[in-house]
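In: with the input below, show me the fold.
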Amino acid sequence: MLNTSSKVEASSALPSASLNRNILTAAKGGGAVFLGSLFQQSMRFALGVLVARSMGAEQYGLYSLADTAFYMIIGLSALGLFPALVRYISAFASHRDEASLWGTLQVGLGIPFVVSVLAGASLLVFARPFAELMFHEPRLVPVLWVVAFGLPFGTLLSMAGAALRGFNRMEYNVIAQDIFFPLIKLIIVMALAITGLNAVKVMTVHAIGAVVTCVILFYFLHKLFPLNRPWRAGRRNAKEILVFSLPIYGSTLITLFGQNMQTVLLGALSEIMSVGVFSVAAKVNVAGTMFGDAINTAAEPIVSELYTKEEYGQLRHFYQNMSKWTFAVGLLMFFIILLFSKPILSVFGDDFTVGSVALVILSCGSLVKASIGIAEVMIIMTGNTWLNTVNTIMALVLGTVLSFWLIPRFGVVGAAIAITGVGFILNLVRVLEVFALFRLLPYNKGFIKPLVAGAVAAIATYAMAQWVFVKSNLVGTVLNIGFLMAVYVGMMLLLGLSEEDRIVLAHLRGRLKAALPG
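Out: Just a heads-up that it's a prediction; the model follows:
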């Protein structure tokens, strides 16, 4: 890949209308994904509270191990085709190349489905030796059998979602995956809670939800691009797609293992209860990353398009503005967790409050990730997938060493330190790589405002928690979090908004007025 830093530096005169359009497109797409993620995480939080309080840390640990296996095997079955579907569908759709679109869908949906069926059959056969030899836990076997049934549908769900992202229709994913999927799971689990919950029942609900959500996503995909067309009408660029995907597949496998290593090793080297505690802490920490993840998702097709069109000046401003937004929201979530980790975890039950230190450590890693914005997207969507592979190999090696060293000694806290340490190094490397390729940094003077606003809000909220509301009390915690958010937003407004911020807020006000009666 050629170094394009000189081209970026040369592109200083920007057509502001085009730049603002890209920022608004990302804000709309990211906003839709974020609102969907917010609803999804709210439902998952409610589901997690219900399940954790009903089952306890041990059964929750069994469910967490099975859930980890479910998503790891889906990642294995996908063969790295998820970003390939986004990239190639976006490109072919912009050129209205229906034959290539149909062929890409055949490759991107068909191959992972076949692999997932084979993986599910293998899991059915080897579930018992896997559970007993690795985790010394025979109670895990029936839960893994349920996982085997849901795998093909979970894989198709994931790939259909990638296809819809390629068409830049984020709202369809929001409706199906972020709203319907967690909602139907919550409703069914609430009904089953009357008779008592266990890991098998909850995993069965998860598999049923995957089946129904898969059907909904295919309905949306068919509505957008009719699938009832001759198989031979597709132009299958299978070799090109797989050449693009295989380096990503390697990095995906490494990332998958790295992300889930702590859960697996806690189950193998520690107690099942530790898995439950760590899983709840990780679930809460997701709130600190979901806005950044939404922005990354929305930014993928835009970065690909700007790079393909060689609009490097716009790419610079887009990179910095998206990074500023992810940092601003990530900082707020960091202070919420820093100040109120124990009372938040107490909602899941007293068994889980021992994970408060681990939660704070995990939130530090999330803040670092938020501060680099869309650096990973910049690497992948500009064709530098080999760099992403190198990064993830480095992260896996370091993560493995840290996990084997820290988890036996410190348990849940050791797992959190391992994840955060690896994340800090990996994200620093990504920033340096984007700078080496394009002479771009995610930071500008806009980062100063959230830092000042966050410091003021955190100090004021800490004083409020000490002298006005009792932060160990649930009602007091909610009031304090509301106070923190109000002071933070107020300070951001007082310090002034950028032109891009005002454009997005004006769009939101317009949408709100249109939605209100009269």
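In: residues touching Lys201, list them.
Out: Val189, Leu192 (Cβ atoms under 8 Å, 6 or more residues apart in numbering). Glycine gets a C-beta too; all of them are placed from N, C-alpha and C.
In: just the pLDDT for it.
Out: Looking at Lys201, its pLDDT is 91.
In: give me the secondary structure label for it.
Out: For Lys201, the assignment made with DSSP: H, G, I helix; E, B strand; the rest coil gives helix.
In: who's in contact with stretch 112-127?
Out: Applying Cβ under 8 Å, 6+ apart, the external contacts of stretch 112-127 come out as 69, 73-74, 76-79, 81, 130, 140-141, 144-145, 147-149, 151-152, 154-156, 158-159.
In: name the element Met159 belongs to?
Out: Per DSSP states H and E: Met159 is located in helix 141-166.
In: isn't Ile481 right next to Pro343, touching?
Out: No. Ile481 sits out of contact with Pro343 when judged by Cβ atoms under 8 Å, with a separation of 9.6 Å.
In: next, name the residue at the spatial heart of the chain.
Out: Most central in the chain under Cα atoms, centre = their mean is Asp293, positioned 4.9 Å from the mean C-alpha point.
In: right, and the helix or strand after the helix or strand hosting it?
Out: For Asp293, the host element (DSSP H and E) is helix 290-308. Tracing the chain C-terminally past helix 290-308 and defining elements by DSSP H and E, one meets helix 312-346 next.
In: how big is the angle separating that following helix from helix 290-308?
Out: 170 degrees (axes from the mean of the first three to the mean of the last three Cα atoms, to 10 degrees).
In: relative to Leu338, how far out is Ala465?
Out: Per Cβ to Cβ, to the nearest Å, Ala465 is found 12 Å from Leu338.
In: burial count for the nearest residue to Asp97 once chain neighbours are set aside?
Out: Setting aside the residues directly before and after it, Asp97 is nearest to Arg235 in space (Cβ to Cβ, 6 or more residues apart in numbering), at 7.7 Å. Other residues near Arg235 number 15, with proximity taken as other Cβ atoms under 10 Å.
In: same check, this time on the one 4 residues further on
Out: Lys239 is flanked by 9 other residues according to other Cβ under 10 Å.
In: figure out how far the helix or strand encompassing it is from the centre of its chain.
Out: Assigned by DSSP H and E, Lys239 belongs to helix 238-269. Put simply, helix 238-269 sits 15 Å off its chain's centre (Cα atoms, centre = their mean, to the nearest Å).
In: tell me what that helix is packed against?
Out: Helices and strands touching helix 238-269, by 3 or more Cβ pairs under 8 Å, 6 or more residues apart in numbering; DSSP states H and E, are helix 16-78, helix 81-94, helix 98-134, helix 272-285, helix 385-410, helix 412-438.
In: average pLDDT across the first one?
Out: To tie it back to what came earlier, the one meant is helix 16-78. For helix 16-78, mean pLDDT rounds to 72.
In: got it, and stretch 433-440?
Out: Averaging pLDDT along stretch 433-440 yields 89.
In: name the residues of that stretch that are buried.
Out: If you call a residue buried by 16 or more other Cβ atoms under 10 Å, then stretch 433-440 has these buried ones: Glu433, Val434, Leu437, Phe438, Arg439, Leu440.
In: then stretch 63-82?
Out: By neighbour count on 16+ other Cβ under 10 Å, the buried set for stretch 63-82 is 63-70, 72-82.
In: and what of stretch 475-483?
Out: Buried, per 16+ other Cβ under 10 Å, within stretch 475-483: Gly476, Thr477, Leu479, Asn480, Ile481, Phe483.
In: for Trp145, list the residues it contacts.
Out: With contact set as Cβ under 8 Å, 6+ apart, Trp145 has these partners: Leu123, Leu124, Ala127.
In: possible to save these as JSON lines with distance to Val487 and pLDDT?
Out: Below are the contacts of Trp145 laid out as JSON lines (distance: Cβ to Cβ, whole Å; pLDDT from 0 to 100):
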{"residue": "Leu123", "distance to Val487": "50", "pLDDT": "93"}
{"residue": "Leu124", "distance to Val487": "54", "pLDDT": "92"}
{"residue": "Ala127", "distance to Val487": "51", "pLDDT": "91"}
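In: so can I have CSV of those showing neighbour count and distance to Arg169?
Out: Below are those laid out as CSV (neighbours: other Cβ atoms under 10 Å; distance: Cβ to Cβ, whole Å):
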residue, neighbour count, distance to Arg169
Leu123, 19, 33
Leu124, 15, 35
Ala127, 20, 37
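In: ok, those vs Glu240, which is closest?
Out: Leu123 (31.7 Å; Cβ to Cβ).
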